[in-house]
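Enquirer: Predicted model and sequence below, questions to follow.
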Amino acid sequence: MTSTIQLTKPALRVKLPLPLLGLAIASLVWWLWTTPLWHSDPTLADFSPERTFAALVQLFSKGTIIPHILTSLRRVFVGLAVAIAVGVPLGILVGVSRPLEETTSALFQFIRMISPLSWMPVAVMVLGIGDLPVYFLLSIAAVWPLVLNASAGVLAVNQRWLLLSQSLCATRWETLTQIIIPAIIPHLLTGVRLAIGIIWLVLVPAEMLGVSAGLGYYILDTRDRLSYSELVAVILIIGLIGYALDSVLRFAYQQWTHRN
């Protein structure tokens with residue numbers, strides 16, 4: 001009596017990474033909700049992935065959206081640079097001076113809790129129409145994460161390092177540049193990452209202050225033209241650029257922490 005052995009190949013299973021799975025599910029829900037294949041509402045169909053991606057390709061192929069992206073990125077980096085120039089030195093100063101920290105703590109927390117968009121009328125009245133009020137709004141939105149993280153980093157510096165610098169007769173400048181600033185770099189990178197996130201959220205409404213270029217301006221333009229497929233395409237562009245900026249800073253933070 002002979003027996004036969006059947007060899008069966010394991011079933012091929014394709015597993016998507018969880019982030020891609022989440023995006024796939026969200027895209028499927030979006031498509032089912034808006035696709036013109038079984039929705040008769042023409043306005044709803046303009047929000048569908050089919051028309052959105054067609055508009056996205058058209059925006060880049062014609063180069064229509066490129067100047068607006070570059071304008072928005074310029075405003076982001078200028079606002080971030082101003083916030084860093086003000087927030088980091090101020091945070092370090094607050095961190096090294098206990099009397100100053102106690103004096104400014106309540107004031108800073110009070111101002112920090114005011115929405116940056118609340119300053120829009122004041123910015124327009126004082127600075128007029130154009131880039132200046134946008135820079136102001138972005139800077140005031142981004143400065144507080146930098147101040148708080150810089151001061152927290154100073155307070156977290158190992159006291160033994162400071163005692164060592166004193167025993168070696170290091171000057172205050174040498175202690176600041178050789179010990180404090182290198183030690184607070186992770187805190188500063190975290191502050192910059194938070195600042196970029198806040199700036200990117202404030203950017204779109206800030207660019208609705210009478211400017212003639214930028215992603216926020218273009219969203220208003222697509223709304224006025226009733227071009228909803230372009231509107232959704234610009235929303236996707238805003239999300240992708242914001243995710244890319246955050247990823248770059250997250251990578252920089254990981255590289256610095258692993259190196260040290």
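Expert: Received it, and whenever you're ready, just let me know what you need.

Enquirer: And the helices in the stretch 101-250 of the chain?
Expert: Under the criterion DSSP state H, counting those that start in this stretch, helices of the stretch 101-250 of the chain are mapped to 120-127, 131-155, 159-167, 172-175, 181-183, 185-206, 215-224, 228-259.

Enquirer: In TSV: the ones you listed, plus mean neighbour count and mean pLDDT.
Expert: All C-beta spots, glycine's among them, are computed from the backbone N, C-alpha and C. TSV is the format used below for the helices of the stretch 101-250 of the chain (neighbours: other CB atoms under 10 Å; pLDDT from 0 to 100):
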stretch	mean neighbour count	mean pLDDT
helix 120-127	14	86
helix 131-155	23	90
helix 159-167	12	76
helix 172-175	12	78
helix 181-183	15	84
helix 185-206	20	90
helix 215-224	18	88
helix 228-259	15	87
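
Enquirer: Is it possible to get TSV of the ones you listed that adds distance to residue 76?
Expert: Formatted as TSV, the helices of the stretch 101-250 of the chain follow (distance: least, CB to CB, whole Å):
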stretch	distance to residue 76
helix 120-127	17
helix 131-155	7
helix 159-167	35
helix 172-175	32
helix 181-183	24
helix 185-206	5
helix 215-224	10
helix 228-259	8
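
Enquirer: Relative to residue 28, which of those helices is closest?
Expert: Closest to residue 28 of the helices of the stretch 101-250 of the chain, according to CB to CB: helix 228-259, at 15.9 Å.

Enquirer: tell me the angle of that closest one relative to helix 215-224?
Expert: Computed by axes from the mean of the first three to the mean of the last three CA atoms, to 10 degrees, the angle separating helix 228-259 from helix 215-224 equals 160 degrees.

Enquirer: Now for residue 94: which residues touch it?
Expert: For residue 94, the contacting residues are 100-101, 104, 147, 150-151, 154, by CB atoms under 8 Å, 6 or more residues apart in numbering.

Enquirer: Residue 26: neighbour count?
Expert: The number of residues packed near residue 26 is 10, by other CB atoms under 10 Å.

Enquirer: State the helix or strand in which it lies.
Expert: Assigned by DSSP states H and E, residue 26 belongs to helix 18-34.

Enquirer: Could you list the buried residues of the following helix or strand past that helix?
Expert: Helices and strands here follow DSSP H and E; after helix 18-34, the next one along the chain is helix 42-45. By neighbour count on 16 or more other CB atoms under 10 Å, the buried set for helix 42-45 is residue 45.

Enquirer: Residue 232 versus the spatially closest residue to residue 47 that is not a sequence neighbour, what's the distance?
Expert: Once flanking residues are discounted, residue 47 sits nearest to residue 34: 4.7 Å by CB to CB, 6 or more residues apart in numbering. Relative to residue 232, residue 34 is positioned 9 Å away (CB to CB, to the nearest Å).

Enquirer: With residue 201 instead?
Expert: Distance of residue 201 to residue 232, computed by CB to CB: 18 Å.
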